[in-house]
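Enquirer: output the structure for:
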Amino acid sequence: MWVSRHVLIAAFTSFLVFSGCRGTVPDQIFAEKKQMSQITLTQADNGKSIPVAAGTTLVVQLEENPTTGFRWEVEKDDTNIVALRASDYKQPVSSQVGASGLRVMTFEAKQPGNTKVVLVSRRGWQAREAKRYSVDVTVQ
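Expert: Numbering: from 1, shown residues only. Sure, this is the predicted structure:
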């Protein structure tokens, strides 16, 4: 009787472990995040209008060479509609001295509306920009 009780408890525990983990709230959240889309924009998209759904991630990749002092920064955006989440620099693949890498800026489309995202490349000690990048974003 003692052995069969432990076997029954072990079987019941295994059943709970393997069947009880399906459909939990974290699984549902993970599934929802996987469904959200990501749009990657480059210099070729400069000046374009981009329609996106709320929750979409916009990734802007622009060439940058910080050793010259020039860095991309956000000049204008409406953080209620599209908000900057991260700005990272990716080293160049080339080992050539002075090669450009990529500035990768990640934005989140938060709520419906229209906004212009404007990025400028400038040296921190100079007011004038060297390059300008803009996209009109319509979040639906």
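Enquirer: helices along this structure, start to end?
Expert: Using DSSP state H, the helices assigned to the chain run over residues 2-19, 25-35.
Enquirer: now the weakest link among the ones you listed, please, by mean pLDDT.
Expert: Sorting the helices of the chain by mean pLDDT places helix 25-35 lowest, at a mean of 45.
Enquirer: for stretch 97-111, measure first residue to last.
Expert: Distances were taken as Cα to Cα, to the nearest Å; on that basis the terminal residues of stretch 97-111 are 43 Å apart.
Enquirer: now that stretch, how far from the centre of its chain.
Expert: Taking the mean of its C-alpha atoms, stretch 97-111 sits 10 Å from the chain's own mean (Cα atoms, centre = their mean, to the nearest Å).
Enquirer: show me what that stretch is in contact with.
Expert: Stretch 97-111 is contacted by residues 52-67, 71-72, 74, 77, 79-93, 117, 119, 137, 139 when judged by Cβ atoms under 8 Å, 6 or more residues apart in numbering. (Glycine included, C-beta is placed from N, CA and C.)
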